[in-house]
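> let me see the structure of the following:
(chains A and B)
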Amino acid sequence: MGLPIELTYLAASILFILGLKGLSHPETARRGMIFAEIGMFLAIVGTLLHREIVSYEWIIAGLIIGSLIGGAISIWVPMTAMPQRTALSHAFGALAASLVGVSEYYRHGAGELGTFKMTALSLEVLLGGITVTGSLMAFIKLQDWIRGTPITYRGQNVFNMSLLAITVGMFAYLIFDPSAHSLFYAMAGLAFVFGVLLVLPIGAADMPVVMSLMNSYAGLAAAATGFAISNNVLIIAGTLDGFSGFILSILMCRAMNRSITNVLFGAFGAETASGESASLGDMREVKADDIAVQLAYAGQVVFVPGYGMATAQAQHAVRELANILEARGVTVKYAIHPVAGRMPGHMNVLLAEANVPYSSLYDLEQINGEFPATDVAVVIGANDVVNPDARDNPKSAIAGMPILEVDKAHSVVVLKRGKGKGFAGIENPLFFKPNCGMLYGDAKASLIKLAGAVQNA
Amino acid sequence: MSTEVIIAGLYVFALAAFLGYQVISRVPPLLHTPLMSATNAISGISLVGSLVAAGAHYNTVSTLLGFMAVTASTINVVGGFMITDRMLRMFKRQPAAKKDSTEEQERG
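Numbering: from 1, shown residues only, chains lettered A, B, ... in the order given. This next block holds a predicted model:
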């Protein structure tokens, strides 16, 4: 490979890192992305000069089709569907990595492949395959094409683990004997099957972890591609992506006080967990007009959004209500739990879309100290992330999970579709506390009703 | 593949991992969704591997697989950058009045 090409790759690597560095603050983020885009452009133009490339028709066709599809998706996908889009993009990225891997293996035949290159190629196809079907399963669950609850059967973990062990065994054999063609393709096939089986038993509310993990695998598959074709910019970009996903997985697990093993193999939320607080009493249903009066004369109101806000597309209605309250001199803040929604940062993007300034969005640690000084906490379609049992009841299924301590506010209103339980399938004692009122119905409709009532208050 | 090339690759991997950890730990939870779409777009750099496979005429199978890979990674590159920008455009700072709370966010 020529020096000019290598130099464009070096430039691209530096620009990618500068781009990600820009993401440390919303003010510099867009500029950072422009750096990254320039880097990408340079690397692509540099590659097109590669002397092994002799014809361009397939390249041009692929670039045009890919741009049209990618552009169309990014323009028209609603912000509420961002988790689905991200799952799809993990699948596409991993698909590209696996295809390049298979293509390289097919081209070289066994003789030319050394131990190291074979390891990289196999790893690439293995991780790529798992990610393609795992992400597609996540997409299907997020899109509600199949039910979001864990799908389990007897001996599932044993079966999955055996399958993984067989696949890894094939991987090990291939390193010593790269000429075993059928074994290579069988391994690729099993990787695809394993991806489906891995995600089947994982519930929809655990998707933030799955997304982060798939993010990580897709990146590592790209890095393995870099090793297989001795390309440093691929190693760097893939590693950055892989580690980003890895860090996010850790943050998400920590936000639920669960281990990654528990998320992957625990089938959480499949059945009612034991260890509930006994005799919870009655939930108190409240009227929109009464809440409106409380809101109108409050000093500080904190909104706590959850996945229910996304499904009800209620982010704009929240903003409308907040505008009315702010005009009356009420301080309005938003409390965002790390695992609220279906992917990391999901709620932040939705509220930003509704024109909520990011300075009003608060993390768990920033806001928890403020609840005792909050007059009304409004919980919108969130449940487990505000369950005080996580803090108070060591026997609870979600014990130790950091929560938003809305129960410490003077008054709590929970906007909820019905009386059902949260994703974890456990009762939420918050709903039975004397300072908590329930406002049933579609979140968006309830918020619009509240906004109207506040204006008349 | 020579030992030097392998070792050099492992160095790049180790240093990129370390640097990635440092840079990405500083991204606030506020921007975790754009972070995911941005890293996804960046790892679409596997496009460069696909381009060679699609354009080098090694054999028909490699060309076809390469073509599919070019399409898939272009979807990620173009779509990823466009949607990241679409999201980042939405994040707006509060008008001057609430400057103190912005600083709080920065410290967090």
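> my understanding was that B:Leu31 contacts A:Glu27; is that so?
No - using Cβ atoms under 8 Å as the test, B:Leu31 is too far from A:Glu27 to be in contact (11.0 Å). Heads up, the C-betas are built off the backbone N, CA and C, glycines and all.
> who has more neighbours, those two?
B:Leu31 (26 against 13; other Cβ atoms under 10 Å in any protein chain shown).
> in the stretch 51-200 of chain A, what residue is nearest chain B?
Across the stretch 51-200 of chain A, the shortest distance to chain B (Cβ to the nearest Cβ) belongs to A:Gly66, at 2.4 Å.
> skip ahead from the helix or strand of chain A with the lowest mean pLDDT and say which helix or strand is next.
Scoring the helices and strands of chain A by mean pLDDT, DSSP states H and E places helix A:260-265 at the bottom, with a mean of 81. Going down the chain from helix A:260-265, the next helix or strand is helix A:288-296, by DSSP states H and E.
> so how far is A:Leu361 from the most centrally placed residue in chain A?
The residue lying closest to the centre of chain A (Cα atoms, centre = their mean) is A:Met343, at 2.5 Å. Per Cβ to Cβ, to the nearest Å, A:Met343 is found 16 Å from A:Leu361.
> before we move on, back to that, who touches the least confident helix or strand of chain A?
Contact partners of helix A:260-265, identified using Cβ atoms under 8 Å, 6 or more residues apart in numbering or on different chains, comprise A:157, A:160, A:198, A:201-202, A:206, A:209-210, A:213, A:249-250, A:253, A:256, A:268.
> and which of those is nearest chain B?
For the contacts of helix A:260-265, the nearest to chain B is A:Ile250 (10.2 Å; Cβ to the nearest Cβ).
> residues contacting A:Tyr440?
A:Glu285, A:Lys416, A:Arg417, A:Gly418, A:Lys419.
> so what's B:Ile75 up against?
Residues in contact with B:Ile75 (Cβ under 8 Å, 6+ apart) are A:Gly66, A:Ile69, A:Gly70, A:Ile73, A:Ser89, A:Phe92.
> shaky segments in chain B?
B:1, B:95-108 (pLDDT under 70).
> helices along that one, start to end?
Secondary structure of chain B by DSSP state H: the helices cover B:3-25, B:32-42, B:47-55, B:60-90, B:99-107.
> kindly report the same for the stretch 351-457 of chain A.
With helices called from DSSP state H, counting those that start in this stretch, the stretch 351-457 of chain A shows them at A:364-368, A:389-392, A:443-456.
> out of those, which is closest to B:Tyr11?
Nearest of the helices of the stretch 351-457 of chain A to B:Tyr11, taken as Cβ to Cβ: helix A:364-368 at 36.8 Å.
> stretch A:193-210: how far from the chain's middle?
12 Å (Cα atoms, centre = their mean, to the nearest Å).
> what does stretch A:385-400 give?
23 Å.
> flag every buried residue along that stretch.
A:Val385, A:Val386, A:Asn387, A:Pro388, A:Asp389, A:Ala390, A:Arg391, A:Asn393, A:Ser396, A:Ala397, A:Ile398 (16 or more other Cβ atoms under 10 Å in any protein chain shown).
> closest to chain B among these?
Using Cβ to the nearest Cβ, these come closest to chain B at A:Val385, 13.4 Å.
> give me the pLDDT for that closest one.
Looking at A:Val385, its pLDDT reads 92.
> which of the helices of the stretch 351-457 of chain A sits closest to chain B?
Checking these against chain B by Cβ to the nearest Cβ gives helix A:364-368 as the closest, at 5.0 Å.
> next, see if the closest one gets close to chain B.
Yes - applying Cβ under 8 Å from any Cβ of the partner chain, one finds that helix A:364-368 is in contact with chain B at A:Glu365, A:Gln366.
> what average pLDDT does that helix get?
Averaging pLDDT along helix A:364-368 gives 93.
> how deep is the closest residue to B:Gly80 other than its chain neighbours tucked in, by neighbour count?
Here the nearest residue to B:Gly80 in space, its sequence neighbours aside, is B:Ala41; by Cβ to Cβ, 6 or more residues apart in numbering or on different chains that works out to 2.6 Å. When neighbours are counted by other Cβ under 10 Å, B:Ala41 registers 32.
> can you check A:Tyr297 too?
A:Tyr297: 13 neighbours (other Cβ under 10 Å).
> of all residues in chain B, which one is closest to chain A?
Closest point on chain B to chain A, by Cβ to the nearest Cβ, is B:Thr74, at 2.4 Å.
> ok so, going back, buried set for the least confident helix or strand of chain A?
A:Val263, A:Leu264, A:Phe265.
> ok, now stretch A:43-55?
A:Ala43, A:Ile44, A:Gly46, A:Thr47, A:Leu48, A:His50, A:Ile53.
> next one: stretch A:113-131
Buried-residue list, stretch A:113-131, by 16+ other Cβ under 10 Å: A:113, A:116-131.
> could I get the pLDDT score of the closest residue to A:Pro372 other than its chain neighbours?
Among residues not flanking A:Pro372 along the chain, A:Lys408 sits closest, at 5.0 Å (Cβ to Cβ, 6+ apart). A:Lys408 is assigned a pLDDT of 95 by the prediction.
> what about A:Lys408, how many residues close to it?
By other Cβ under 10 Å, the burial measure for A:Lys408, its neighbour count, is 17.
> then the one 4 residues further on?
The local packing of A:Val412 (other Cβ under 10 Å) involves 24 other residues.
> unless I'm mixing things up, it is touching A:Ile380, no?
No - between A:Val412 and A:Ile380 there is no contact, the gap being 11.8 Å when judged by Cβ under 8 Å.
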